[in-house]
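**Q** sequence first, predicted model second:
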2 protein chains.
Amino acid sequence: MNLKSLANHLGLSQTTVSRALNGYSDVSLATRNRVSEAAKTYGYRPNVNARRLATGRSCVIGIAFPTDMNMFLDPHFIEFLTGLSEKASELDYDIMISSSQSEEEDVYRRFAEKGTVDLVILSNVDLSEERIRLLQDLNMPFIVHGRTATCDSYSYIDIDNYGVFHEPTKMLLEMGHDKIAILNGHPNRVYAIDRLNGWQDALKERGVTPNPDYMRAGAMSEENGYTFAMGILQLENRPTALLCSSVVMAKGAYRACNELGIKIGSEVSIVAHDDNVPLAQASDMNPPLTVTRSPLRDAGREIAIMAMNYLKGTDIKELQCLWHPELIFRKSVGAPPRSST
Amino acid sequence: MNLKSLANHLGLSQTTVSRALNGYSDVSLATRNRVSEAAKTYGYRPNVNARRLATGRSCVIGIAFPTDMNMFLDPHFIEFLTGLSEKASELDYDIMISSSQSEEEDVYRRFAEKGTVDLVILSNVDLSEERIRLLQDLNMPFIVHGRTATCDSYSYIDIDNYGVFHEPTKMLLEMGHDKIAILNGHPNRVYAIDRLNGWQDALKERGVTPNPDYMRAGAMSEENGYTFAMGILQLENRPTALLCSSVVMAKGAYRACNELGIKIGSEVSIVAHDDNVPLAQASDMNPPLTVTRSPLRDAGREIAIMAMNYLKGTDIKELQCLWHPELIFRKSVGAPPRSST
DNA sequence: TACCGTTTCCAAAGCGCTTTGGAAAAGACA
DNA sequence: TGTCTTTTCCAAAGCGCTTTGGAAACGGTA
């Protein structure tokens, strides 16, 4: 069933049927209803490729990933992708993924030249972002999940990563903690750098010098959380509080504490940033984990909406979101142990 | 730069240029070269959507996944997807993913009606596969990763899951083990059922009755591997060998053994099926893990090729692959402990 | 030279939709 | 009643490609 035969069935022109289905006001409400009724009974759906050719828009959002750095194995990225994908299908956009064993940039170049996608999403940005420059050169619309220094010039969604560690550090300091360690994400990523700064500044504001022994950084896996925590908690001058860049990492830290017989909430306080990935529920942990919370899935959903608006021509300045995670206090945080004050 | 202007530049017709670029023999080699040369210098790439409309083929492979059962968090699925995606881009196919919060079937219906994808890939099949019937009804080409009872009627790629557990069980029995437990994948999945049968039959062939206490099944996570192994190894009549459905699970089992102080390779032998997911390298484990090996990434790559051939019209009968994993013997397996014989 | 089979090219139609630029019909107003 | 808007519809062009069905040019053969 195509437009032509549907139009014939209805005794209308293709124009009218097309415009009716797309909700134009220059076709009367009565026929608009009649048409959409008929479309439903005949099971008509406009052929996307014809539409794409005619409009020049594909309604496809692209994501590139190099297979060597397995982003897809990162539950955080997946959670984001899930939100993006969910919202995209609600908005009738499609998601196209493309991998290359070689350079991620080749993928963008292909996307741009072939016209397969309208817009691409950039994730996991680090400071030296040539990808952004390339996309700007290629004139390929994009939205960044995260930010770089040049973020004025593009559309992005990010959370206040500085605050993500600044707030809890301040809180812990006010509670009397002064030996606060951080288990951070990958050191090159902008979000990790922002968090590091938040931690450092909060300490300095209180006159505490950040202790390099208390800093660890790497992929936000359970394993790293465990390893990092094991290392730090066995220092002779061990910290009284741990900041983790993700709940997944915190789970590893919990495991380390349990193994070392260190009581969480009294002997050591733990705070993490909570992206709300399904297999790592902060509230279900024992003790429940104090977090700064900002569901990644929501960010994914939001970026789908932003993509749509971007393509509708909304100004870039209105497509720059900065979210402030909320701090949720739970039992994993308590006063520092006496012995350490 | 489009076909028309490229043709003008060359002083040729669109037809000739098009056919030259697509390598038809009815345009002389000389002009064929001249054309592709020009295409390169002008940076011409045919517009995919126009091509799609003209040919009726989209060269897009679809994958649907319901967001509630988070397939994407399963490293096995991701590994498969990575292979698929890699090979697809080599073959100039694209991968479209689509999620729905509701029914996976809606996604297929949308795919079919809109004509976005040429073919879909089905994963994680279980015995009662209505998805397969739906796709057949919709007349939407598909390839299954795995098999069901009706697999004669469609194209698939699968491994000999029966053998995956039958072989090592036989081997263990021959070495003198008779208390062999299995930590299986999700009990509804066909592959898990096949493996279960392989194990059972191997035991029965030797006159050993499968012990229901020795059977566990669930998602193939490290966590489950740990939990299942902990349970089984603390039985009063504990097994001398463990069959794990994946290396990820085996890692959990290793952790349990370490925690319980049970020596792997002497006090308990462990075999796993190795999908070769990057974060779980059987050979790097301590002791190195004996496995039946069949890289999932290879399956992904193969399925991309099969998809292409399917769309080229290759007969279904020639697109039914059954791979036989190789058994790789390593230190995690040894003779059963004396005490148990 | 005439004829025929090959080789090489091309004009034009078509894929299924959107959109432009009216035209006809209906309604409003004097 | 006639004129001017407004509403409602449509014919036709176009998106950029592939493909069909020749036609022209060429070379070989009789």
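**A** On my side now, so go ahead. Numbering: from 1, shown residues only, chains lettered A, B, ... in the order given.

**Q** surely residue A:7 is in contact with residue A:20?
**A** No: between residue A:7 and residue A:20 there is no contact under CB atoms under 8 Å: 9.9 Å. The way it works is simple: take the backbone N, C-alpha and C, and place the C-beta from them, glycine included.

**Q** more neighbours: which of the two?
**A** Remark: of residue A:7 and residue A:20, residue A:20 carries more neighbours, 24 against 19, as counted by other CB atoms under 10 Å in any protein chain shown.

**Q** contacts only, for the more buried one.
**A** Residues counted as contacts of residue A:20 (CB atoms under 8 Å, 6 or more residues apart in numbering or on different chains) are A:12, A:27, A:31-32, A:35-36.

**Q** hang on, it in a strand?
**A** No: read with DSSP: H, G, I helix; E, B strand; the rest coil, residue A:20 is helix and lies in no strand.

**Q** which residue packs closest to it, ignoring adjacent ones?
**A** residue A:35 (3.9 Å; CB to CB, 6 or more residues apart in numbering or on different chains).

**Q** what residues does the stretch 51-200 of chain A have near DNA strand D?
**A** Contacts of the stretch 51-200 of chain A with DNA strand D, taken as CB under 7 Å from any atom of the strand, map to A:53-54, A:56.

**Q** ok, the residues you listed vs residue A:125, which is closest?
**A** residue A:56 (28.6 Å; CB to CB).

**Q** pLDDT below threshold where in the stretch 101-250 of chain A?
**A** A:101-102 (pLDDT under 70).

**Q** for it, which segments count as strands?
**A** A:119-122, A:142-145, A:155-159, A:180-184, A:215-217, A:241-244 (DSSP state E, counting those that start in this stretch).

**Q** any idea which of these gets closest to chain B?
**A** Judged by CB to the nearest CB, the one of those that comes nearest to chain B is strand A:119-122, at 12.8 Å.

**Q** does chain B sit close to the closest one?
**A** No: figure legend: strand A:119-122 not in contact with chain B (CB under 8 Å from any CB of the partner chain); closest approach 12.8 Å.

**Q** what about the nearest residue to residue A:224 once chain neighbours are set aside, neighbour count?
**A** Closest residue to residue A:224 apart from its sequence neighbours, by CB to CB, 6+ apart: residue A:218 at 4.7 Å. By other CB under 10 Å, the residues close to residue A:218 number 18.

**Q** which residues touch residue A:325?
**A** A:159-160, A:163-164, A:273-274, A:292-294.

**Q** next, give phi and psi for it.
**A** phi -60, psi 150 (degrees, to the nearest 10).

**Q** residue A:238 is in contact with residue A:179, isn't it?
**A** Yes: taking CB under 8 Å as the definition, residue A:238 is a contact partner of residue A:179 at 7.4 Å.

**Q** put the alpha carbons of stretch A:280-292 into CSV.
**A** Output of stretch A:280-292 as CSV, limited to C-alpha atoms (Å, rounded to 0.1, in the frame of the first residue of the first chain):
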residue,chain,number,x,y,z
ALA,A,280,23.9,-1.2,40.6
GLN,A,281,21.2,0.1,42.8
ALA,A,282,22.6,2.3,45.5
SER,A,283,19.6,2.1,47.8
ASP,A,284,19.8,-1.7,47.8
MET,A,285,23.3,-1.9,49.0
ASN,A,286,24.3,-2.7,52.5
PRO,A,287,24.5,-0.2,54.0
PRO,A,288,22.5,2.0,51.6
LEU,A,289,24.9,4.2,49.6
THR,A,290,24.9,7.9,49.8
VAL,A,291,25.0,9.3,46.3
THR,A,292,24.7,12.3,44.0
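
**Q** show me how to select, in PyMOL, the buried members of the contacts of residue A:20.
**A** In PyMOL syntax, the buried subset of those is picked out as below (16 or more other CB atoms under 10 Å in any protein chain shown):
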select buried, chain A and resi 12+27+32+35
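
**Q** closest to chain B among the contacts of residue A:20?
**A** When the contacts of residue A:20 are compared against chain B (criterion: CB to the nearest CB), the nearest one is residue A:36, at 15.1 Å.

**Q** pull the contacting residues for that closest one.
**A** Here residue A:36 is in contact with A:20-21 (CB under 8 Å, 6+ apart).

**Q** where does it sit: helix, strand or coil?
**A** Going by three-state DSSP: residue A:36 is helix.

**Q** state the number of residues packed around the nearest residue to residue A:213 once chain neighbours are set aside.
**A** Leaving aside its chain neighbours, residue A:213 sits nearest to residue A:235 (6.0 Å; criterion: CB to CB, 6+ apart). Applying other CB under 10 Å, we find 13 residues neighbouring residue A:235.

**Q** wait, residue A:335 sits on residue A:171?
**A** No: the criterion here is CB under 8 Å, and residue A:335 misses it with residue A:171 at 11.8 Å.

**Q** more neighbours: which of these two?
**A** Under the criterion of other CB under 10 Å, the comparison of residue A:335 against residue A:171 puts residue A:171 first, with 18 against 14.

**Q** that one against residue A:327, yeah?
**A** Yes: contact criterion CB under 8 Å: residue A:171 and residue A:327 qualify, at 7.2 Å.

**Q** so who does the residue nearest to residue A:20 touch?
**A** Residue A:35 neighbours (CB under 8 Å, 6+ apart): A:6, A:10, A:12, A:16-17, A:20-21, A:27.

**Q** any idea how far residue A:190 is from it?
**A** Counting by CB to CB, to the nearest Å, the gap from residue A:35 to residue A:190 is 49 Å.

**Q** how many neighbours does the residue of the stretch 201-341 of chain A found nearest DNA strand D have?
**A** At 17.4 Å from DNA strand D, residue A:311 is the closest residue in the stretch 201-341 of chain A, using CB to the nearest atom of the strand. By other CB under 10 Å, 16 other residues sit near residue A:311.

**Q** contacting residues for it?
**A** Here residue A:311 is in contact with A:57, A:118-119, A:141 (CB under 8 Å, 6+ apart).

**Q** pull out the buried members of the residues you listed.
**A** A:118-119, A:141.

**Q** which of these sits closest to residue B:243?
**A** For the buried ones among the contacts of residue A:311, the nearest to residue B:243 is residue A:119 (47.3 Å; CB to CB).

**Q** packing partners of the helix or strand containing residue A:272?
**A** Using DSSP states H and E, residue A:272 falls within strand A:269-274. Other elements packing on strand A:269-274 under the criterion 3 or more CB pairs under 8 Å, 6 or more residues apart in numbering or on different chains; DSSP states H and E are helix A:161-174, strand A:241-244, helix A:247-260, strand A:290-293.

**Q** pull it out as CSV, backbone CA atoms only.
**A** C-alpha atoms of strand A:269-274 as CSV (Å, rounded to 0.1, in the frame of the first residue of the first chain):
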residue,chain,number,x,y,z
SER,A,269,32.2,6.7,54.8
ILE,A,270,31.4,6.2,51.1
VAL,A,271,29.7,8.5,48.6
ALA,A,272,29.3,7.8,44.9
HIS,A,273,27.9,9.3,41.9
ASP,A,274,24.8,7.4,40.9
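
**Q** strands paired with that strand, and their directions?
**A** Paired strands of strand A:269-274, with direction, are strand A:241-244 (parallel), strand A:290-293 (parallel) (DSSP bridges).

**Q** closest one to DNA strand C among those strands?
**A** Short answer: strand A:290-293, nearest of the strands paired with strand A:269-274 by CB to the nearest atom of the strand, at 41.2 Å.

**Q** please see if the helix or strand immediately after the closest one in the chain touches DNA strand C.
**A** The C-terminal neighbour of strand A:290-293 among helices and strands, as given by DSSP H and E, is helix A:296-311. No: taking CB under 7 Å from any atom of the strand as the criterion, helix A:296-311 and DNA strand C are apart, separated by no less than 12.4 Å.
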